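Undergrad: Quick one, fold the following:
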Amino acid sequence: EAFTAMRARGAQVTDIAVLVVAADDGIMPQTIEAIDHGRAADVPIVVAINKVDAPNADVERVKRQLAEQNLLIEEWGGETVAVEVSALKGEGIDDLLENLIVVAEIGELKADPDRDARGVVVEARREKGRGTVATMLIQTGTLHVGDNVVVGGIRGRVKAMFNDRGQNIKTAGPSLPVEILGLSELPEAGSIFETAPDEKTARQMVDDYERSRNDERAGGPTLEDVHTRMQIGEVKSLNLIVKTDVQGTVEPVRGALERLNSEESRVNIVHAASGSITEPDILLAVASQAIVIGFNTQPETGARALAKKEGIEIRSYDVIYHLTEDVEQALEGLLEPVYEDVLEGRATVRAVFSLGRRNKVAGIYVNDGAVTRGTTLRLLRGGKVIASGPVGSLKHFKDDVREVATGFEGGVTIDGHTDYQEGDIIEAYRSERVR
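TA: Got it, this is the predicted structure:
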């Protein structure tokens, strides 16, 4: 279970999953579990076939086993990159790295180092004389010593920061793992961290988190509320983990569920196997926001307790018709909702300020409504939309603010855009569901 939790967290924070399969052992149960976690996290999987120099290595068998798991390699006409390597001799490593670069370029994996830092907590511990030490992976932005950091209901100021070699550093950019000192408590592994412009904002973010946690449960979806989760954008397909009593019933149950798919809504079978419902099944459900279906099988005691703790629904059936009927009714609420952009504010660019060589800030005057964080901005020039994106930064004089209202001036950037001109119009929209 400990390794399952690590695989689940790893898949959720990575951009590309490297699946290492030994050429002599082939695909093992834990390999299949890792594949399921990678798919649940919706990340590309690159396969490294290791130990190709072993006396009993069978690379072709590994390729066949990958195909059985719906990972068809490029050599066989599929899309999965597979590289043969020998970690012992260092063979194929350069080829693996080159392929990772190609996959990253195809996926356009980029991050903005000039925004506020955001990332994930990998692990945390307490050390005598140092206090809370949190290992964090920065996913976007740049983290600085002195920044106010918020992790859920925990906050603190970065007192010191160390890189993967234990060296004291002052700043860290995207994709870098760092250890920081300064958090008030131990954060949970897998939690998201954000930075705040000042201590007051950090306290407000913690208060907002505590209120939201009291208002809503952070558990997984249920068949009853999956329609509601779809309405607020949490669910796009009904993810299911299916466990049956014997292997012979796995495919009939899978087939019955997959026949419910349509162009408007779909069932996604994250994992299907025979046997009792176990703790690894629950951890996979947490990672993939899935509902666990038991057909003529029951959860183990530890799995039931973990499901209750994590808010994962387990549903048991002994008749296929009853199972498909319930799922079909849930799918009726999984149609793609229709959204409408609502204009919240309009501003005129009166000046353009440079920040370094490349970055620019639009100095604006808000004519109507308000420009707020969390809205989508459209930049109009000559009546034509030339850029659109979320608010990158929003300031009033030198202070970071949540809103610039009618009649006030401020500075704003559109995330990923730097071309502003005096006279440009910036409109702020918020998306609302209309049906």
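Undergrad: And the strands in the stretch 201-350 of the chain?
TA: 238-244, 267-274, 291-295, 314-317, 339-355 (DSSP state E, counting those that start in this stretch).
Undergrad: Which strands border the longest one, and is each parallel or antiparallel?
TA: Translated: strand 339-355. The strands beside strand 339-355 in its sheet (DSSP bridges) come out as strand 359-372 (antiparallel), strand 425-433 (antiparallel).
Undergrad: Extract the C-alpha set from that strand and format it as CSV.
TA: C-alpha atoms of strand 339-355 as CSV (Å, rounded to 0.1, in the frame of the first residue of the first chain):
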residue,chain,number,x,y,z
TYR,A,339,-21.4,28.1,-21.0
GLU,A,340,-21.8,31.7,-21.8
ASP,A,341,-19.2,34.5,-21.3
VAL,A,342,-20.5,37.3,-19.1
LEU,A,343,-18.7,40.7,-19.4
GLU,A,344,-17.6,41.9,-15.9
GLY,A,345,-15.4,44.8,-16.8
ARG,A,346,-13.9,46.9,-19.5
ALA,A,347,-10.6,48.9,-19.3
THR,A,348,-8.5,51.1,-21.6
VAL,A,349,-4.7,50.7,-21.8
ARG,A,350,-3.2,54.1,-21.1
ALA,A,351,0.4,53.2,-20.8
VAL,A,352,2.8,50.3,-21.2
PHE,A,353,5.5,49.5,-18.7
SER,A,354,8.5,47.2,-19.3
LEU,A,355,9.7,44.7,-16.8
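Undergrad: Now residue 17. Nearest residue, chain neighbours left out?
TA: residue 38 (4.1 Å; C-beta to C-beta, 6 or more residues apart in numbering). Heads up, the C-betas are built off the backbone N, CA and C, glycines and all.
Undergrad: if I've got this straight, the one you found is in a helix?
TA: Yes. Counting by DSSP: H, G, I helix; E, B strand; the rest coil, residue 38 is found in a helix.
Undergrad: Pretty sure it sits against residue 32.
TA: No. Applying C-beta atoms under 8 Å as the test, residue 38 and residue 32 come out as separate, 10.7 Å apart.
Undergrad: So which of those two has more stuff around it?
TA: Legend: neighbour count by other C-beta atoms under 10 Å for residue 38 and residue 32, higher for residue 38 (23 against 15).
Undergrad: returning to what we had before: what's the closest of the strands of the stretch 201-350 of the chain to residue 332?
TA: Closest of these to residue 332 is strand 238-244, at 10.9 Å (criterion: C-beta to C-beta).
Undergrad: helices or strands up against that closest one?
TA: Helices and strands touching strand 238-244, by 3 or more C-beta pairs under 8 Å, 6 or more residues apart in numbering; DSSP states H and E, are helix 250-258, strand 267-274, helix 279-288, strand 291-295, helix 320-331.
Undergrad: If you count neighbours, what's buried in the helix or strand encompassing residue 161?
TA: In this structure, residue 161 sits in strand 154-162 according to DSSP states H and E. For strand 154-162, a neighbour-count test (16 or more other C-beta atoms under 10 Å) marks 154-158, 161-162 as buried.
Undergrad: okay, the helices and strands packed on strand 238-244 in CSV with mean pLDDT and mean neighbour count next?
TA: Shown next, in CSV, are these (pLDDT from 0 to 100; neighbours: other C-beta atoms under 10 Å):
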stretch, mean pLDDT, mean neighbour count
helix 250-258, 90, 16
strand 267-274, 89, 19
helix 279-288, 88, 25
strand 291-295, 93, 23
helix 320-331, 84, 16
